[in-house]
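> The following block contains a protein sequence and its predicted model.
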Amino acid sequence: MSRWITSAPAAAYLIAALIFIYLPVLVLVLFSFQEGSLPVPPFDGPSLQWYEKLFANERLLDALWNSIVVAVLSGAASTLLGFLAAYGLSRHPGAFPGLARFLLIAPITVSYLIIGMGLLITFNVAGISKSLLAVGIGHVIINLPLAFAVIYSQMSERHKNIDAAAHDLGASDLQTMLYVSAPMMKASLLAAFCLSATLSWDEFIVAFLLSRFEVTLPVIIYEMLRAGLTPEVNAAGTLVFAISMVAVFAAAATLMFKKKEST
């Protein structure tokens, strides 16, 4: 009984926190199925008409495809660069490994607005016009620290020992990295990719500052919001949220499976 009494406040706090976090999302999803043209109570539905209208919007579909391309490519680039940085720092820490880790992870604390403005100025000086390429580069910059942190956290002494054994058997550094280390880290690499692609998928500020004619889905949703809140906007937001959650759950499941496998 005493245990139940002490755990009840914690459970109540957890439930209240979950409601606070997810209630706005649930309202968004609910009113995306609204029958009427206004996403306000009372709920009138369910209806799929706004999803049908959403997928009939060619400009929105183009933005959806742009978001997928940018998310996949920038996620892959962030994961590759993060793995190379984590592998190099783990195997050859140098004189100041703590400082190197800090410099690689520190950009996580910088506002996307500051990064976007800095990239905009840099690209103007370099002669790089606003485009999906510029957006992709920006997303690699903001996602690389996260990918590095995820991958580096999963590297252990066991991996170093296996690498050393591969070298003793005659494998070169490149062969060891490609055929030994990378396969061992596949769960971490997949998790880093899923998280990086998710952040790129629903990122707005950098995409808004660095794109012009070819835009991503969050930018299109922002343009739709400027005309007023409608169930179609809710449907677009629900689509973004659903895909993001699928990627996040995939990353979490991958890391949990790896942890269970190692135990």
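Sure thing, it's come through.
> Gly237: how many residues sit nearby?
Residues near Gly237, counting by other CB atoms under 10 Å, number 21. (C-beta placed from N, C-alpha, C; glycine too.)
> so how far is Ser188 from the residue lying closest to it once chain neighbours are set aside?
What sits nearest to Gly237 in space, not counting adjacent residues and going by CB to CB, 6 or more residues apart in numbering, is Leu28, at 5.3 Å. For Leu28, the distance to Ser188 equals 32 Å [CB to CB, to the nearest Å].
> re earlier: ok, then the element right after the helix or strand hosting the residue nearest to Gly237?
Assigned by DSSP states H and E, Leu28 belongs to helix 2-31. Next along the chain after helix 2-31, taking DSSP H and E as the criterion, comes helix 49-55.
> Now that next one: buried residues?
Under the neighbour-count criterion of 16 or more other CB atoms under 10 Å, helix 49-55 has Gln49, Trp50, Tyr51, Leu54 buried.
> With stretch 235-244 instead?
Going by neighbour count (16+ other CB under 10 Å), the buried part of stretch 235-244 is Ala235, Ala236, Gly237, Thr238, Leu239, Val240, Ile243, Ser244.
> With distance to Asp163 and pLDDT added, can I get the buried residues of helix 49-55 in JSON lines?
Formatted as JSON lines, these follow (distance: CB to CB, whole Å; pLDDT from 0 to 100):
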{"residue": "Gln49", "distance to Asp163": "57", "pLDDT": "76"}
{"residue": "Trp50", "distance to Asp163": "53", "pLDDT": "78"}
{"residue": "Tyr51", "distance to Asp163": "50", "pLDDT": "80"}
{"residue": "Leu54", "distance to Asp163": "49", "pLDDT": "77"}
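> if we can go back for a sec, who's more crowded, Leu28 and Ser188?
Legend: neighbour count by other CB under 10 Å for Leu28 and Ser188, higher for Ser188 (24 against 16).
> quick one, phi psi at the spatially closest residue to the more buried one that is not a sequence neighbour?
Once flanking residues are discounted, Ser188 sits nearest to Gln154: 4.0 Å by CB to CB, 6+ apart. Torsion angles at Gln154 (phi, psi; degrees, to the nearest 10) stand at phi -100, psi 0.
> Residue numbering should commence at 43 henceforth.
Yes, from this point I'll number from 43; that puts the last item at Gln196.
> Tell me the spacing between Gln196 and Asn276.
Look at Gln196 and Asn276: by CB to CB, they are 38 Å apart.
> So for those two, which residue has more residues nearby?
Comparing Gln196 with Asn276 by neighbour count (other CB under 10 Å), the higher total belongs to Asn276, at 23 against 19.
> hang on, isn't the more buried one packed against Ser74?
Yes - using CB atoms under 8 Å, Asn276 is in contact with Ser74, at 3.7 Å.
> so where do the helices sit in the stretch 143-292 of the chain?
Under the criterion DSSP state H, counting those that start in this stretch, the stretch 143-292 of the chain contains helices at 154-168, 174-195, 199-210, 215-218, 224-226, 228-243, 247-252, 259-268, 273-304.
> for the second one, the distance to its chain's centre please.
This means helix 174-195. Averaged C-alpha coordinates place helix 174-195 at 9 Å from its chain's average position (CA atoms, centre = their mean, to the nearest Å).
> what's the weakest-modelled helix or strand in the protein?
helix 273-304 (a mean of 73; mean pLDDT, DSSP states H and E).
> tell me which strands and helices that helix is in contact with?
Here helix 273-304 touches helix 44-73, helix 91-97, helix 228-243, helix 259-268, going by 3 or more CB pairs under 8 Å, 6 or more residues apart in numbering; DSSP states H and E.
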